[in-house]
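Asker: Fold the following, please.
(one chain, ligands or ions: 1)
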Amino acid sequence: MIIVPEKEIGALLGRNESYEAIEQVFAAMAAGDAYNFPVVREAIGHADALYGFKGGFDRAGMTLGLKAGGYWPNNLETHGLINHQSTVFLFDPDTGRVKAIVGGNLLTALRTAAASSVSINHLARKDAKVIGMVGAGHQAKFQLRAALEQREFEKVIGWNLHPDMLPNIEEVASEAGLPFEAVELPGMVEADVIITITSSFAPTLMSDHVSDGTHVACMGTDTVGKQEVGVDLINRATVFTDEVAQSITLGECQHAVASGSKTETDIRQIGEVINGTHPGRQSDQEVTLFDGTGVGLQDLAVASAVVELAVEQGIAIEVDF
Ligand code: NAD
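Answerer: Predicted coordinates for the structure are as follows:
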């Protein structure tokens with residue numbers, strides 16, 4: 001069995017490798033070669049923690065396993081640890097033997113950033129110049145860094161409920177040599193691509209904040225009850241997702257589906273666009289929207305890539321198990 005500790009991940013897995021792993025697994029899902037298992041998420045009644053498992057099997061990539069972990073809200077204050085904690089376990093699909101244990105914290109950030117990046121590459125207009133960020137927390141920095149590699153962006157604009165956090169994304173813009181401007185939500189009409197990455201339970205970005213031709217990647221809503229964008233925007237857009245079952249239950253589309261304005265069949269998997277079985281964007285005026293809910297197969301895909309790199313570079317810890 002191989003162990004890749006959390007501290008090694010940063011040096012092993014770059015944005016390109018993450019992008020490739022996520023694009024491939026989305027393609028495999030749409031081709032019917034990979035599927036996610038039902039998600040388990042429990043309030044365990046200790047340390048206010050939410051703990052659970054996300055798993056799946058990718059027959060194309062021969063990746064089987066799960067990510068175990070969750071959210072411990074008091075970690076930082078009490079233990080000096082980050083609040084989100086997760087570990088990925090990979091198994092040999094031929095024998096069921098455990099194959100690898102991989103730190104899952106940075107992997108989660110990288111695979112989530114890669115997902116919006118894949119959506120931008122496949123759905124945004126080629127001439128996109130302005131990217132708008134709704135959200136400026138931990139994950140926003142990862143999303144923006146990965147997104148900036150997909151088009152020749154010339155400017156970053158941002159809105160956050162807590163404006164004191166905006167320097168987080170300003171820093172990423174300046175790393176890339178781009179100007180940054182803080183805007184109010186109506187100012188988002190300037191953006192050609194918008195990423196929402198907040199923990200909001202009420203919509204903030206509405207349809208009239210979004211211009212025709214924009215691609216919107218909604219990445220924050222991963223739980224029942226959360227919501228970042230108005231149902232009016234979902235109704236106006238051509239909607240894609242990682243997994244339709246999650247999109248309609250715990251993703252951004254849960255509200256439009258509950259209100260009856262969208263149905264399951266209106267929402268397409270991004271993997272169909274990658275595989276060429278759906279044309280994706282069909283005009284420069286169309287608003288496209290990606291509902292990135294976060295699936296277990298994404299975690300397995302990046303963990304599997306990390307294991308390969310760790311073995312290649314001689315830094316995998318091998319344990320006779
Ligand atoms: P964070 O705590 O670092 O940042 C939270 C962000 O949400 C900040 O920008 C904050 O200002 C904003 N916010 C908080 N309350 C808000 C409200 N009521 N209205 C609008 N904005 C509000 O968290 P993070 O690590 O950046 O994660 C952001 C979100 O992304 C979380 O909801 C998290 O669960 C989700 N997430 C999704 C995936 C996925 O695969 N889809 C993966 C990781 C994280």
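Asker: Can you show me the strands along the stretch 201-321 of the chain?
Answerer: Ranges of strands in the stretch 201-321 of the chain, per DSSP state E, counting those that start in this stretch, are 201-205, 215-218, 227-229, 238-241, 267-269, 288-291, 317-318.
Asker: So for the ligand, which of those strands sits nearest?
Answerer: The ligand lies closest to strand 201-205 among those, at 5.3 Å (C-beta to the nearest ligand atom). Glycine gets a C-beta too; all of them are placed from N, C-alpha and C.
Asker: Now that closest one: buried residues?
Answerer: 203-205 (16 or more other C-beta atoms under 10 Å).
Asker: That strand packs against which elements?
Answerer: With contacts taken as 3 or more C-beta pairs under 8 Å, 6 or more residues apart in numbering; DSSP states H and E, strand 201-205 sits against strand 193-196, strand 227-229.
Asker: go again using 7 Å as the cut-off
Answerer: Packing partners of strand 201-205 (3 or more C-beta pairs under 7 Å, 6 or more residues apart in numbering; DSSP states H and E): strand 227-229.
Asker: need the contact list for the closest residue to the ligand within the stretch 51-200 of the chain.
Answerer: Closest to the ligand within the stretch 51-200 of the chain is residue 137: 2.0 Å, counting by C-beta to the nearest ligand atom. Taking C-beta atoms under 7 Å, 6 or more residues apart in numbering, we find residue 137 in contact with residue 165.
Asker: cool, residue 159 as well?
Answerer: By C-beta under 7 Å, 6+ apart, the contact set of residue 159 is 134, 183-185, 188.
Asker: Would you map out the domains in the protein?
Answerer: 2-108+297-318, 123-294 (automatic domain parsing).
Asker: ok, back up a step: can you pick the most crowded of the contacts of residue 159?
Answerer: Ranked by the number of neighbours (other C-beta atoms under 10 Å), those place residue 134 first, at 28 neighbours.
Asker: residue contacts, that residue?
Answerer: 159, 194, 196, 198, 204-205, 228.
Asker: Also residue 266?
Answerer: Contacts of residue 266 by C-beta under 7 Å, 6+ apart are residue 239.
Asker: Over to residue 251?
Answerer: Contacts of residue 251 (C-beta under 7 Å, 6+ apart): 221, 241, 291, 293.
Asker: Skipping adjacent residues, who's closest to residue 139 in space?
Answerer: Distances taken as C-beta to C-beta, 6 or more residues apart in numbering put residue 197 closest to residue 139, at 5.1 Å, once the chain neighbours are dropped.
Asker: and that neighbour, what does it touch?
Answerer: For residue 197, the contact set (C-beta under 7 Å, 6+ apart) comprises 135, 139-140, 143, 219-220.
Asker: any idea how far it lies from residue 294?
Answerer: Separation of residue 197 from residue 294 (C-beta to C-beta, to the nearest Å) stands at 11 Å.
Asker: swap in residue 140?
Answerer: 15 Å.
Asker: For those two, indicate the residue with more neighbours.
Answerer: More crowded of residue 140 and residue 294, by other C-beta under 10 Å: residue 140, with 26 against 23.
Asker: Leaving out chain neighbours, which residue sits closest to that one?
Answerer: residue 197 (4.9 Å).
Asker: Around the ligand, which positions in the stretch 101-250 of the chain sit nearby?
Answerer: Neighbours of the ligand within the stretch 101-250 of the chain, by C-beta under 6 Å from any ligand atom: 108, 112, 135-140, 160-162, 165, 197-200, 204, 219-220, 222.
Asker: quick one: secondary structure of the residue nearest to residue 52 when sequence neighbours are not counted?
Answerer: In this structure, residue 52 finds its nearest non-sequential neighbour in residue 41, 3.6 Å apart by C-beta to C-beta, 6+ apart. Of the three states, residue 41 takes strand under DSSP: H, G, I helix; E, B strand; the rest coil.
Asker: re earlier: mean pLDDT for the domains of the chain - can I get that in CSV?
Answerer: What follows is these, written out as CSV (pLDDT from 0 to 100):
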stretch, mean pLDDT
domain 2-108+297-318, 96
domain 123-294, 97
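Asker: Pretty sure residue 287 sits against residue 236.
Answerer: Yes - applying C-beta atoms under 7 Å as the test, residue 287 and residue 236 come out as touching, 5.5 Å apart.
Asker: more neighbours, these two?
Answerer: Regarding residue 287 and residue 236, a neighbour count based on other C-beta under 10 Å identifies residue 287 as having more, with 20 against 16.
Asker: Against residue 194, how distant is the more buried one?
Answerer: 10 Å.
Asker: Show me whatever sits in contact with both of the two.
Answerer: Jointly contacting residue 287 and residue 194 under the rule C-beta under 7 Å, 6+ apart are 210, 214, 216.
Asker: If you rank these by neighbours, which is first?
Answerer: Neighbour counts for the shared contacts of residue 287 and residue 194 peak at residue 216, which has 32 neighbours (criterion: other C-beta under 10 Å).
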